[in-house]
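Undergrad: return atomic coordinates for the entry below.
(6 chains)
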Amino acid sequence: MGKLTIGCFASLVGSTNLDFAVKLSAAAMEKGHKVDLWVSGNGTMISIKDQRAFKDYSSLEKPLKELMAKGLNVTACEACAESRGYHADHTLEGVKRFSMDWYLGSAFDADRLLHIGGE
Amino acid sequence: MGKLTIGCFASLVGSTNLDFAVKLSAAAMEKGHKVDLWVSGNGTMISIKDQRAFKDYSSLEKPLKELMAKGLNVTACEACAESRGYHADHTLEGVKRFSMDWYLGSAFDADRLLHIGGE
Amino acid sequence: MATTKLGFVVTRPGYKSENPKLALTHAIASQSVEIYLKDGDIVTADIAFVGDGVLNCLKDQKAVENYDLNSTESHIKMSLLLDLNVLVCREDLDRFGLSEKDIVIDAPEFGAEVEVKVVPYSEISQMMEEMNHLLFF
Amino acid sequence: MATTKLGFVVTRPGYKSENPKLALTHAIASQSVEIYLKDGDIVTADIAFVGDGVLNCLKDQKAVENYDLNSTESHIKMSLLLDLNVLVCREDLDRFGLSEKDIVIDAPEFGAEVEVKVVPYSEISQMMEEMNHLLFF
Amino acid sequence: MKLVTFVSDYKMTVDTLDRLKPEKLGIILVQNGVYHATTKENGKPSSMLNYSANYYVLQEDLETRGLSAANVIDSKVKVIKFGDIVDLMFNEYDKTAWL
Amino acid sequence: MKLVTFVSDYKMTVDTLDRLKPEKLGIILVQNGVYHATTKENGKPSSMLNYSANYYVLQEDLETRGLSAANVIDSKVKVIKFGDIVDLMFNEYDKTAWL
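TA: Numbering: from 1, shown residues only, chains lettered A, B, ... in the order given. Below is the predicted model of the structure:
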């Protein structure tokens, strides 16, 4: 079994990129791989707690909590979060916040890396 | 002098669309026009208070406060904000939150409307 | 007693961005705008799908099943229930080899009495001329 | 004692999205990654501008003056100061009628000793082959 | 109608402009749309400049990208500021479109 | 290298794929990229299908858009699920690119 590092830079609600990242994480963990998920830029939106789940907006708090309970490692870019007003006290429990070098550190021993950039 | 309603749907930090909306609001107010600014989707990001101003990220809290003091009317889509975990107690003072019909109500007596959608 | 007409024009395919969906939810909000207006004043919303935007109209969208998200299809049906004018560009459907049978046309299960109108681009152009303001998504 | 090589490939023009800038700030973070690694292990970052991405390299960007935002130019210069390998595709510059004199090449005012390398696409392709992982922005 | 459109991207994903036939058309190049005013590919100007329209490009967005009025390749494109956009919107056109 | 690329848009703003010449190329169509597998314009399939590559399309993203395996226009495009993406990434390819 290997290690997959996913970096996702686009937003939760504005695009389905983060949905994709979370679903791919779940599928990889199901197959026994270890997964690190790094969110940067607007992707840090996933780190906020108490997002209200409406059916008109995608909502990832529940699947994310379930996956973290099973070992998914989620870290948000601290500067990207702070610049958006997402502070430590509003961060979803279990989500870590580090500077950008964390992503590169995770990549160091990753067998595969999927960087979701784009627009 | 007329009334300009601007609707901005893209994010503050991820694109310069909100920068554009704020600069255009300032220019219109300088010429004596009344301006309503509606933010929806990721654009609701502008409504959060205490965004840390780094030079690597665009920061609009200061110019927005100055313009609101001069009469700029800023309203965020409540559902879009709530779905992102942006709650009333973290909203920048002076920014209102209403449902989507507010934007249409503002358009009712607008002489000009600029809807910034796109990606 | 005045009317302001808004034209919502959807030019991009959906789901990757939430904008096509926001076009519909904002257009639907025209039904509750009266609280901001004087008696007798109204705001109307017409919706047009053009270009790659017509792909939003394919029927049988399984967004709830796959992403736990209301489908754009269901928002189009809600627009019909509320008697909004929903236009789809015939030339763009033709370009994609699509026809009325491929897209959402009616919503009897919602109790909607109006239908989606597949029209030549010239009619959408005419609609845009008649509007007071345009909103491109 | 191991090395992991990351290739940051910027394919889009800047400012409208923050992604090209994030490519550079993440590449620069390779200089502080040691805290997460064992002694002797390193992560390297090479940066390539290709396609419309080469437009990020134009010099004299007045982003601070107009948007109170550090320019992509200043991030490229910071990358040079940190001795990162920065490649710009010559064919794409040619396509736009641009040359070395139009783009950021060095950063003596930052004390940088290395320069941006304008290279044929084949060298960028070779770089991508040598990397362990690729990150497209 | 008199329509002023805002073009904010260099590569466009919509072809709306090809079919809009207003009585009067203005095109304001902003954000990465400014490259249409300054950039030739293989010696050819952008096809964005081929419409029968009045063209404008935003000075702030040129400068941010390391460009200036001197880089504008076609004299029909006028360099303007935010205040000019307001005047165009209110005095010369009646509807807007952000594409 | 053995490169698997993810295409998530219908209209692409980058031409990266034209120049990538890996030893082995996989293309996974996801999000609005799935239309490349299902949609003809004026009777012509997307030029995205012209590469010398192994093609895949994500079933969930087809279904979300009102499409299914029955709409896939070229038999060389294989309909897959998230679990299959994981296996492709780990077993068939060594690098990834999200374009």
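Undergrad: what residues does chain C put near chain F?
TA: Counting by C-beta under 8 Å from any C-beta of the partner chain, chain C comes close to chain F at C:13-16, C:52, C:55, C:58-63, C:65-67, C:71, C:73, C:95-97. For the C-beta atoms, the positions are set from N, CA and C on the backbone; glycine is no exception.
Undergrad: can you tell me the SS state at the residue of chain E found nearest chain C?
TA: For chain E and chain C, the shortest gap (C-beta to the nearest C-beta) falls at E:Val14, measuring 4.4 Å. Following DSSP: H, G, I helix; E, B strand; the rest coil, the label given to E:Val14 is coil.
Undergrad: residue contacts, the nearest residue in space to it that is not next to it in sequence?
TA: Counting by C-beta to C-beta, 6 or more residues apart in numbering or on different chains, C:Thr11 is the residue found nearest to E:Val14 once chain neighbours are left out, at 4.4 Å. For C:Thr11, the contact set (C-beta atoms under 8 Å, 6 or more residues apart in numbering or on different chains) comprises C:Val50, C:Gly51, C:Asp52, C:Gly53, C:Phe136, C:Phe137, E:Val14, E:Thr16, E:Leu99.
Undergrad: tell me where chain A has strands.
TA: Here chain A has its strands, by DSSP state E, at A:3-8, A:34-39, A:73-77, A:96-98, A:112-116.
Undergrad: quick one: C:Val33 and B:Gly105 touch, right?
TA: Yes. Between C:Val33 and B:Gly105 there is a contact under C-beta atoms under 8 Å: 5.0 Å.
Undergrad: so what sits against both of those two?
TA: Counting by C-beta under 8 Å, 6+ apart, the shared contacts of C:Val33 and B:Gly105 are C:Val43.
Undergrad: chain F contacts on chain A?
TA: Checking chain A against chain F by C-beta under 8 Å from any C-beta, the hits are A:2, A:4, A:15-17, A:20, A:23-24, A:26-28, A:30-31, A:33, A:111-119.
Undergrad: and those residues, which of them are buried?
TA: Buried by 16 or more other C-beta atoms under 10 Å in any protein chain shown: A:2, A:4, A:15-17, A:20, A:23-24, A:26-28, A:33, A:111-119, out of the residues of chain A next to chain F.
Undergrad: ok, the residue of chain A found nearest chain C - how many residues close by?
TA: In chain A, the residue that lies nearest chain C is A:Lys55 (4.6 Å; C-beta to the nearest C-beta). A count of nearby residues for A:Lys55, using other C-beta atoms under 10 Å in any protein chain shown, gives 13.
Undergrad: same question, E:Thr16
TA: E:Thr16, neighbours per other C-beta under 10 Å, totals 17.
Undergrad: that one against C:Phe137, yeah?
TA: No. Counting by C-beta under 8 Å, C:Phe137 is not a contact partner of E:Thr16; they are 11.0 Å apart.
Undergrad: overlap of the contact sets of the two?
TA: C:Val9, C:Thr11.
Undergrad: in the sheet, which residues pair with the spatially closest residue to A:Glu78 that is not a sequence neighbour? Tell me.
TA: In space, and not counting its chain neighbours, A:Glu78 is closest to A:Arg97: 4.4 Å by C-beta to C-beta, 6+ apart. Beta-bridge partners for A:Arg97, by DSSP bridges, are A:Ala76.
Undergrad: what helix or strand is E:His36 on?
TA: Using DSSP states H and E, E:His36 maps to helix E:35-38.
Undergrad: so for that helix, mean pLDDT?
TA: Helix E:35-38 shows a mean pLDDT of 98.
Undergrad: and E:Asp61, what does it touch?
TA: By C-beta under 8 Å, 6+ apart, the contact list for E:Asp61 reads D:Tyr15, D:Asn66, E:Leu29, E:Val30, E:Gln31, E:Gly33, E:Val34.
Undergrad: quickly note the distance from it to chain F.
TA: In this view, E:Asp61 and chain F are 18 Å apart by C-beta to the nearest C-beta, to the nearest Å.
Undergrad: same question for E:Lys2.
TA: Following C-beta to the nearest C-beta, the distance that separates E:Lys2 from chain F is 29 Å.
Undergrad: now look at the lowest-mean-pLDDT helix or strand in chain E and say if it contacts chain F.
TA: Every helix and strand in chain E was compared by mean pLDDT, DSSP states H and E; the lowest is helix E:16-19, with a mean of 91. No. Helix E:16-19 does not reach chain F (C-beta under 8 Å from any C-beta); its nearest approach is 12.5 Å.
Undergrad: got the buried residues for that helix?
TA: Neighbour count says helix E:16-19 has E:Thr16, E:Leu17 buried, by 16+ other C-beta under 10 Å.
Undergrad: distance from the chain centre to the next helix or strand after that helix, please.
TA: Reading on from helix E:16-19 to the C-terminus, the next helix or strand found by DSSP H and E is strand E:24-29. Centroid separation for strand E:24-29 versus its chain: 6 Å, with C-alpha atoms, centre = their mean, to the nearest Å.
Undergrad: could you do stretch E:64-80 as well?
TA: 11 Å.
Undergrad: so which residues make contact with that stretch?
TA: Under C-beta under 8 Å, 6+ apart, the answer for stretch E:64-80 is D:13-15, D:55, D:58-63, D:66-67, D:71, D:73, E:28-29, E:32, E:34-35, E:37-40, E:45, E:49, E:54-59, E:62, E:88.
Undergrad: these in strands, which ones?
TA: Per DSSP E, the subset of the contacts of stretch E:64-80 in strands is E:Ile28, E:Leu29, E:Lys40, E:Pro45, E:Asn54, E:Tyr55, E:Tyr56, E:Val57, E:Leu58.
Undergrad: ranking those residues by neighbours, who comes first?
TA: Counting by other C-beta under 10 Å, top hit in the ones in strands among the contacts of stretch E:64-80: E:Leu29 with 29 neighbours.
Undergrad: longest single helix anywhere in chain A?
TA: Longest helix in chain A, counting residues (DSSP state H): helix A:17-30.
Undergrad: related to what we said a few turns ago, could you export the strands of chain A as a markdown table, including mean pLDDT?
TA: Below are the strands of chain A laid out as a markdown table (pLDDT from 0 to 100):
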| stretch | mean pLDDT |
| --- | --- |
| strand A:3-8 | 96 |
| strand A:34-39 | 98 |
| strand A:73-77 | 97 |
| strand A:96-98 | 98 |
| strand A:112-116 | 97 |
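Undergrad: can I get these in a markdown table including distance to D:Asp46?
TA: Shown next, in a markdown table, are these (distance: least, C-beta to C-beta, whole Å):
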| stretch | distance to D:Asp46 |
| --- | --- |
| strand A:3-8 | 17 |
| strand A:34-39 | 19 |
| strand A:73-77 | 21 |
| strand A:96-98 | 23 |
| strand A:112-116 | 14 |
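Undergrad: and of these, who's closest to D:Asp102?
TA: Among the strands of chain A, the nearest to D:Asp102 by C-beta to C-beta is strand A:112-116 (28.9 Å).
Undergrad: flag every residue of chain C that's near chain B.
TA: C:2, C:4, C:6, C:12, C:17-19, C:22-23, C:25-26, C:28-33, C:35-37, C:41, C:43, C:45, C:132-137.
Undergrad: mark which of those are buried, thanks.
TA: Applying 16+ other C-beta under 10 Å to the residues of chain C next to chain B flags C:4, C:6, C:12, C:17-19, C:22-23, C:25-26, C:28-31, C:33, C:36-37, C:41, C:43, C:45, C:132-137 as buried.
Undergrad: and the strands in chain C, which stretches?
TA: According to DSSP E, chain C carries its strands in the segments C:3-10, C:42-49, C:85-89, C:117-119, C:133-136.
Undergrad: what's the most buried one of those strands?
TA: strand C:133-136 (a mean of 26; mean count of other C-beta atoms under 10 Å in any protein chain shown).
Undergrad: ok, that strand: who's next to it in the sheet?
TA: Strand C:133-136 has the following strand partners under DSSP bridges: strand C:3-10 (parallel).
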